[in-house]
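> I need the structure of the sequence given here:
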Amino acid sequence: MDQYLLDTLFQALADPTRRAVIGRLGKGAASVGDLAAPFDMALPSFMKHVHVLEAAGLIHTRKEGRVRYCEIDEARLAAVGSWLEEQRAIWESRTDRLERFVVEKQKEQER
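Here you go, the predicted model:
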């Protein structure tokens, strides 16, 4: 995965408000007003979060009449998941090797 894209995605997800928005959108599309309701901030401040998520490609917005709706981009979010899975595989491999090393050393000491 492109490092710049990955940096952009993680930067967008670094904020707890934006993570909460992504969590809510995981249940389905919602209006900006509905998304903003649980947060103690003015709508223009909340829209900055929406713009960051949209710029990162994590969500898409569409306007229907006077209401703006947001929905998650599952493919982009899956890219984050794929990267995390790659990292998990690397670290599991490393810990498996470390475990084998420790077990071998213990067996050597017991001899």
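> low-confidence ranges in this protein?
1 (pLDDT under 70).
> do a quick rundown of the helices in it.
3-13, 16-25, 32-36, 43-55, 74-110 (DSSP state H).
> how about CSV for the ones you listed, with distance to Gly65 and mean neighbour count added?
(Each C-beta comes from the backbone N, C-alpha and C, glycine too.) What follows is those, written out as CSV (distance: least, CB to CB, whole Å; neighbours: other CB atoms under 10 Å):
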stretch, distance to Gly65, mean neighbour count
helix 3-13, 28, 14
helix 16-25, 20, 17
helix 32-36, 13, 17
helix 43-55, 17, 16
helix 74-110, 26, 11
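> so which of the ones you listed gets nearest Val67?
Between Val67 and these, the shortest separation by CB to CB is 7.3 Å, and it involves helix 32-36.
> list the helices and strands the closest one packs on?
For helix 32-36, the packing partners by 3 or more CB pairs under 8 Å, 6 or more residues apart in numbering; DSSP states H and E come out as helix 16-25, helix 43-55, strand 67-72.
> distance to Ser93 added to these, as TSV?
Below are the helices and strands packed on helix 32-36 laid out as TSV (distance: least, CB to CB, whole Å):
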stretch	distance to Ser93
helix 16-25	28
helix 43-55	33
strand 67-72	31
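> now the residue most central in space within the chain: how far from Glu74?
What sits nearest the mean C-alpha location of the chain, by CA atoms, centre = their mean, is Leu13, with 5.1 Å. Using CB to CB, to the nearest Å, Leu13 is found at 15 Å from Glu74.
> mind listing what the residue nearest to the centre of the chain touches?
19, 22, 58, 80 (CB atoms under 8 Å, 6 or more residues apart in numbering).
> JSON lines for the residues you listed, including distance to Phe39?
Shown next, in JSON lines, are those (distance: CB to CB, whole Å):
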{"residue": "Arg19", "distance to Phe39": "12"}
{"residue": "Ile22", "distance to Phe39": "14"}
{"residue": "Leu58", "distance to Phe39": "17"}
{"residue": "Val80", "distance to Phe39": "22"}
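> tell me how far Thr95 lies from Phe101.
From Thr95 across to Phe101, the span is 10 Å (CB to CB).
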